[in-house]
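K.L.:
Here you go, sequence then predicted model.
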Amino acid sequence: MKKTRKIKVIGSGGIGGHLLEPLARYLSYVDDYCEVTVIDGDSYEERNRERQIFEDFGNKAEESVKLLKQKFPKVHFRHKSEYVTEDNIITTIREGDVIFLCVDNHATRNLVSERVEELDEALLISGGNDYTDGDVIVYHRQYGKDKTPSLHSLPEIANHTDKNPGEFTNEERQGCQEEAQANPQLLFMNLDIASLMLNCYYAYEQNKLNFHRVYSDILTQARRAVRR
């Protein structure tokens with residue numbers, strides 16, 4: 001019997017952009033109805049070419065979906081050209097969703113985790129990285145209970161001091177762009193985290209999700225899973 005897979009990918013930049021194509025390729029060869037919604041309020045710029053996949057300078061979610069629809073017609077793609085905020089979180093994330101959270105701020109991670117905690121069934125896979133190391137955190141809700149700890153069980157997320165990009169003023173957004181240029185990321189690390197997130201999703205599908213966090217360092221090739 002076919003089932004419906006509803007997947008939300010929040011952020012289609014460094015990590016999300018590299019996660020989307022292999023995810024879509026995999027979903028194209030399952031028998032289920034697959035709906036993938038890409039959500040991002042940011043736009044591509046010339047400086048993004050070093051790490052990100054795009055053809056035109058436009059909204060990241062819209063441009064990503066434009067490319068994916070051409071390659072993977074069996075998957076039903078949608079885009080939402082906006083940041084996830086308190087104003088739209090309830091309509092964005094719903095019961096039964098699988099959420100790939102590919103953002104670079106704790107404010108959004110905390111907001112999304114709190115929303116998932118309100119649901120009976122959901123899977124949240126969050127990835128983030130510094131220059132050569134990073135981690136993936138998995139928050140699984142089933143039958144109205146936590147199967148793994150929520151993201152905001154982590155002090156750095158629960159007590160975040162950063163701001164949701166959807167609430168930035170134009171001046172603050174310009175400041176964040178300058179900060180990103182001063183603190184660059186590495187393509188290879190983005191690829192590593194995207195791959196880890198997909199691995200976690202497959203482990204969940206195979207009922208082998210017996211961990212809730214995975215650390216990775218590409219210089220030492222160290223990888224460590226935290227068992228639940």
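P.N.:
Yes, it's here.

K.L.:
what's the residue closest to the geometric middle of this structure?
P.N.:
In the chain, the residue lying closest to the centroid (C-alpha atoms, centre = their mean) is Leu101, at 2.3 Å.

K.L.:
Nearest spatial neighbour of Glu117, chain-adjacent residues omitted?
P.N.:
Nearest residue to Glu117, sequence neighbours excluded (C-beta to C-beta, 6 or more residues apart in numbering): Ser150, at 5.5 Å. C-betas here are computed from N, CA, C, even on glycine.

K.L.:
The one you found touches Arg115, doesn't it?
P.N.:
No: using C-beta atoms under 8 Å, Ser150 is not in contact with Arg115; the gap is 10.4 Å.

K.L.:
For the closest residue to Gly128 other than its chain neighbours, what are phi and psi?
P.N.:
Leaving aside its chain neighbours, Gly128 sits nearest to Gly134 (5.7 Å; criterion: C-beta to C-beta, 6+ apart). Here is the backbone geometry of Gly134 (degrees, to the nearest 10): phi -170, psi -170.

K.L.:
elements contacting the biggest helix by length in the chain?
P.N.:
For the chain, the helix that runs over the most residues, judged by DSSP state H, is helix 187-205. Helix 187-205 is packed against helix 16-27, strand 98-101, strand 122-129, strand 133-142, strand 211-217, with contacts defined by 3 or more C-beta pairs under 8 Å, 6 or more residues apart in numbering; DSSP states H and E.

K.L.:
give me the number of residues near Glu62?
P.N.:
Using other C-beta atoms under 10 Å, Glu62 has 17 neighbouring residues.

K.L.:
on that earlier part again, isn't the residue nearest to Gly128 up against Ile193?
P.N.:
Yes: counting by C-beta under 8 Å, Gly134 touches Ile193, with 4.9 Å between them.

K.L.:
Pick out whichever of those two has more residues nearby.
P.N.:
Between Gly134 and Ile193, counted using other C-beta under 10 Å, Ile193 has the larger neighbour count: 26 against 22.

K.L.:
check contacts around the more buried one.
P.N.:
Taking C-beta atoms under 8 Å, 6 or more residues apart in numbering as the contact definition, Ile193 lies against 15, 127-129, 134-136, 216.
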